[in-house]
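S.K.: coords below, sequence missing:
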């Protein structure tokens, strides 16, 4: 029986970095019964520049063995207030994903799965796919969008995670402050630890 992978790019929304800088992101919805995917239904939001990163990453990881489909071209006159331009780009992004998901080699790329089914930022996707995070690709996907309260054991276990086994234990903030920060957040540890993981990665490079 043929397995089905359906993907939609929809619901463009304007996001503001600050008063002067804004961008459009899009919701990616995926429904599938394919054994290739950990989650059968997922929704994430991504912006155009992240699609550009994904295409470059897929091309590099495939070692030029396959042709990665093209993206809608970057328009220097693209306007956040032009509904037609936004719609055309959205359709082009969906076509890109549909073609990517038809290729078995590209479908096996961990970066693609994290892009489609996790809330990780691009730097954290790269780190997770390379095995440089305390959570696996499957864990990142499974916990996407989930929220839970931390038990005292969860809080202390999270503090035990080391960015670098050889790093000085005196680095970083006081553990008591970290516990308070974690208690104040109900986000999944994967989401709340991205900033800390990025700090670790920058120190190790």
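M.R.: Perfect, thanks for sending it. Just so it is clear, the structure is predicted and the values come from calculations on it, not from any experiment.
S.K.: Packing partners of the lengthiest helix in the chain?
M.R.: Under DSSP state H, the helix in the chain containing the largest number of residues is helix 83-100. Counting contacts by 3 or more Cβ pairs under 8 Å, 6 or more residues apart in numbering; DSSP states H and E, helix 83-100 packs against strand 5-16, strand 22-32, helix 48-61. Any C-beta I mention is one placed from the backbone N, CA and C, and that applies to glycine too.
S.K.: got these as CSV, with mean pLDDT, distance to residue 69 and mean neighbour count columns?
M.R.: Shown next, in CSV, are these (pLDDT from 0 to 100; distance: least, Cβ to Cβ, whole Å; neighbours: other Cβ atoms under 10 Å):
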stretch, mean pLDDT, distance to residue 69, mean neighbour count
strand 5-16, 96, 13, 14
strand 22-32, 96, 15, 17
helix 48-61, 97, 8, 17
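S.K.: buried residues in the longest helix of the chain?
M.R.: Within helix 83-100, the residues scored as buried using 16 or more other Cβ atoms under 10 Å are 85, 86, 89, 90, 92, 93, 94, 96, 97, 100.
S.K.: orientation of that helix relative to strand 5-16 in degrees?
M.R.: Interaxial angle of helix 83-100 relative to strand 5-16 (axes from the mean of the first three to the mean of the last three Cα atoms, to 10 degrees): 140 degrees.
S.K.: Kindly calculate the angle that helix 83-100 makes with strand 22-32.
M.R.: Relative orientation of helix 83-100 and strand 22-32, computed by the same axes, to 10 degrees: 40 degrees.
S.K.: Can you point out the buried residues in the very next helix or strand once past helix 83-100?
M.R.: Following helix 83-100 in sequence order, the next helix or strand is helix 104-107 (DSSP states H and E). Residues of helix 104-107 classed as buried: residue 106 (neighbour count, 16+ other Cβ under 10 Å).
S.K.: will you turn the helices and strands packed on helix 83-100 into TSV that also has distance to residue 136?
M.R.: Listed next are those as TSV, based on distance: least, Cβ to Cβ, whole Å:
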stretch	distance to residue 136
strand 5-16	22
strand 22-32	20
helix 48-61	18
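S.K.: Next, the distance between the ends of stretch 37-49.
M.R.: Using Cα to Cα, to the nearest Å, the end-to-end distance of stretch 37-49 comes to 24 Å.
S.K.: Much appreciated, bye for now.
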